[in-house]
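> this is a predicted model, with the sequence first.
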Amino acid sequence: MTERVVETGEVRLWSEDLGDPAATPIFLIMGANASAMGWPEEFVGLLLDGGHRVIRYDHRDTGKSTTVPDATYDFADLTQDAVAVLDAHGVESAHVVGVSMGGLIGQLLAVDHPERLRSLTLAITGSLDMGSTEEAQDQGERISRMIALAEPGADEESELARRVALWRVLHGDVLPFDAAQYRRLEERAIAHAGTFLPATGHVRLGATALPRGADDLRKAETPTLILQGGQDPFYPLGFGRHLANLLPNARLREFEGLGHSLPAAMHPVLAEAILEHVRGS
């Protein structure tokens, strides 16, 4: 394991390089307000067991990376951060896996830096134009429950309880919920960041226009696997279908029980889907 701090402008990004340095790299891009610790260790281990080098990093405003006053940046900056991490680790091209907001960054890489991608996996995310081939399913109750859980806890224990309760909503109602798994995930994230206060710098990005759209995606030739969940309150299945229709070299896999998370019960099937895609690209 090699930790490296990547400097890009005035921002310092914490990153980690795992596995055989000579192996084919898989580059993991996490979602909004989540550090590299958002990737469960067991899931990362399955990718390493598949014979790959795995690189992950903390977005700016998360984990051990720079906190940016007033969060004055946009998706183009976050995409350049990803390129800077690849450069710092000496990686000319990688198999990129993006989750949620990380999937949007992955799409921007495919549009603006296609030479850096060997393949792309987009999980529980939407397209750059945020379109859907069908009306989004009614997720009002879940969204309301998430809003009610937005207030940070007053101490570490209450913050952990809040985060586990939020994961319960994001997890969905089909698969059994393992509270201990999500607590371990958040304990690692808190220990890594050195604070129980949640990252919030990416919230304003929801009101920031994405620099690319549907026409750009139609020209993106990177072999792409889309993994979408039927229990996802943010990106229901229609979002994945829309994305698959836009990308000319995409394959869609839907998992009815998957929510907006990476639960342990799904690690083997998700990791194998990614490894199969990587082997075929």
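Nice, I can see it.
> strands of the stretch 101-250 of the chain, residue ranges please.
Taking DSSP state E, counting those that start in this stretch as the criterion, the stretch 101-250 of the chain contains strands spanning 117-123, 224-229, 250-255.
> could you pull out the helices in the stretch 101-250 of the chain for me?
101-112, 140-148, 156-171, 179-193, 214-217, 237-246 (DSSP state H, counting those that start in this stretch).
> comparing the ones you listed, which comes out most buried?
helix 101-112 (a mean of 25; mean count of other C-beta atoms under 10 Å). Every C-beta, even on glycine, is put in place using the N, C-alpha and C of the backbone.
> beta partners of the residue most central in space within the chain?
For the chain, the residue nearest the mean C-alpha position is residue 99 (2.5 Å; C-alpha atoms, centre = their mean). Here residue 99 sits in beta bridges with residue 123, going by DSSP bridges.
> kindly report the same for residue 17.
residue 2, residue 55.
> right, and it touches residue 23 too?
No. Here residue 17 does not reach residue 23: they are 10.7 Å apart, not a contact under C-beta atoms under 8 Å.
> okay, now the unreliable bits of the stretch 101-250 of the chain?
Where the stretch 101-250 of the chain drops to pLDDT under 70, the residues are 135-140.
> cutoff 90 now
Counting by pLDDT under 90, the stretch 101-250 of the chain has low-confidence residues at 131-150, 203-204, 206-209, 211.
> just to revisit the earlier point, out of the strands of the stretch 101-250 of the chain, the one nearest residue 277 is which?
When these are compared by C-beta to C-beta, strand 224-229 sits nearest residue 277, at 4.1 Å.
> in that closest one, what counts as buried?
224, 225, 226, 227, 228, 229 (16 or more other C-beta atoms under 10 Å).
> quick one, that strand and helix 237-246 angle?
Taking axes from the mean of the first three to the mean of the last three C-alpha atoms, to 10 degrees, one finds strand 224-229 and helix 237-246 inclined to each other by 170 degrees.
> ok, back up a step: identify the contacts common to residue 17 and residue 23.
Common contacts of residue 17 and residue 23 (C-beta atoms under 8 Å, 6 or more residues apart in numbering): residue 53.
> closest one to residue 134 among the helices of the stretch 101-250 of the chain?
Using C-beta to C-beta, the nearest of the helices of the stretch 101-250 of the chain to residue 134 is helix 237-246, at 3.9 Å.
> distance between that closest one and the chain's centre?
17 Å (C-alpha atoms, centre = their mean, to the nearest Å).
> convert the C-alpha atoms of that helix to PDB, please.
Extracted in PDB, the C-alpha atoms of helix 237-246 (Å, rounded to 0.1, in the frame of the first residue of the first chain):
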ATOM      1  CA  LEU A 237     -33.800   2.500 -13.100                       C
ATOM      2  CA  GLY A 238     -35.000   4.900 -15.700                       C
ATOM      3  CA  PHE A 239     -31.800   6.900 -15.300                       C
ATOM      4  CA  GLY A 240     -29.600   4.000 -16.100                       C
ATOM      5  CA  ARG A 241     -31.700   3.100 -19.100                       C
ATOM      6  CA  HIS A 242     -31.500   6.600 -20.400                       C
ATOM      7  CA  LEU A 243     -27.700   6.600 -20.000                       C
ATOM      8  CA  ALA A 244     -27.400   3.300 -21.800                       C
ATOM      9  CA  ASN A 245     -29.300   4.700 -24.700                       C
ATOM     10  CA  LEU A 246     -27.000   7.700 -25.000                       C
END
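> my guess is the residue nearest to the centre of the chain meets residue 125, correct?
Yes. Counting by C-beta under 8 Å, residue 99 touches residue 125, with 6.9 Å between them.
> ok, now which ones touch residue 125?
By C-beta under 8 Å, 6+ apart, the residues touching residue 125 are 98, 99, 100, 101, 102, 103, 104, 235, 239, 240, 243.
> possible to save those residues as CSV with distance to residue 27?
Shown next, in CSV, are the contacts of residue 125 (distance: C-beta to C-beta, whole Å):
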residue, distance to residue 27
98, 9
99, 12
100, 16
101, 15
102, 10
103, 13
104, 15
235, 21
239, 23
240, 21
243, 19
